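# Coordinates only, no sequence provided:
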């Protein structure tokens, strides 16, 4: 990560701190930007009930001494903070580079306020732009689902660890297929199609999940965009 990108993400993370004042139960996404947020917001987060979307974020939070509860222990969130692989001007996002998109979507759906933090390089004219759309699938159905998606014109690649043949397995026990949809498909059409396939557990198209988007500029300035739910 370049110094400019880190400055952009840190500046954006600082802007999120104001939303912690009235939040008691806080959900956390996954990724390097969330790690920056955890370190930036440590003093305030230490007094909150925290729930994470992944083992990765759990390990980072625990290394900082933050206390967590399991998702099973909560039925709502005051605030959910996350990032995105890509986001467009309508607040639509591609997520799942870290493989946690299913739990991220679950936590976001349970939150009264959803704030997403990105650097300006993550802002694109329209999603999906250059990032693949990941889908989480039942491992036993990889071949069946892959063939069905490819028959609709998607390019597909099973996500595997470096130097391995077996698929990446998510915290929820799913396999991840990274897809490139046809160029003429709208994000809403992609989401509906993927959700119609038996064996697809979740996917990385997030629509109508963004309440507040905080964009960190490489200059250190911050732009905040609000969306109506």
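Nice, I can see it. No experiment lies behind these values; they were computed from the predicted model shown.

# switch to C-alpha atoms for all contacts and neighbour counts from now on
Will do.

# Let me see the domain layout of this protein.
Here the chain is described, according to automatic domain parsing, as comprising the domains 3-125+207-226, 133-204.

# report the longest strand in the chain, please.
The residue-count maximum for a strand in the chain (DSSP state E) belongs to strand 111-119.

# Next, name the residue at the spatial heart of this structure.
residue 95 (4.3 Å; C-alpha atoms, centre = their mean).

# what's the burial count for the closest residue to it other than its chain neighbours?
Once flanking residues are discounted, residue 95 sits nearest to residue 204: 4.7 Å by C-alpha to C-alpha, 6 or more residues apart in numbering. Using other C-alpha atoms under 10 Å, residue 204 has 28 neighbouring residues.

# Enumerate every residue touching residue 204.
The neighbours of residue 204, taking C-alpha atoms under 8 Å, 6 or more residues apart in numbering as the test, are 93-96, 101-102, 133-135.

# Restricted to helices, list those residues.
101-102 (DSSP state H).

# Please tabulate the contacts of residue 204 in JSON lines, including the columns distance to residue 222.
Shown next, in JSON lines, are the contacts of residue 204 (distance: C-alpha to C-alpha, whole Å):
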{"residue": "93", "distance to residue 222": "19"}
{"residue": "94", "distance to residue 222": "21"}
{"residue": "95", "distance to residue 222": "21"}
{"residue": "96", "distance to residue 222": "24"}
{"residue": "101", "distance to residue 222": "26"}
{"residue": "102", "distance to residue 222": "29"}
{"residue": "133", "distance to residue 222": "27"}
{"residue": "134", "distance to residue 222": "29"}
{"residue": "135", "distance to residue 222": "31"}
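
# of the contacts of residue 204, closest to residue 210?
The closest of the contacts of residue 204 to residue 210 turns out to be residue 93 (C-alpha to C-alpha; 8.5 Å).

# where does that closest one sit relative to residue 7, distance-wise?
Distance, residue 93 to residue 7, by C-alpha to C-alpha, to the nearest Å: 22 Å.

# likewise residue 65?
Residue 65 is 24 Å from residue 7, by C-alpha to C-alpha.

# ok so, going back, have a look at residue 93 and residue 7 and say which one is more surrounded.
A count of neighbours by other C-alpha under 10 Å puts residue 93 above the other of residue 93 and residue 7, at 29 against 18.

# The more buried one contacts residue 207, correct?
Yes. Contact criterion C-alpha atoms under 8 Å: residue 93 and residue 207 qualify, at 6.7 Å.

# Going by neighbour count, which residues in the lengthiest helix in the chain are buried?
As assigned by DSSP H, the longest helix anywhere in the chain is helix 3-16. Across helix 3-16, burial judged by 16 or more other C-alpha atoms under 10 Å covers 5-16.

# Equivalent analysis for stretch 143-151, please.
Neighbour-count burial for stretch 143-151, counted by 16+ other C-alpha under 10 Å, picks out 145-146, 149.
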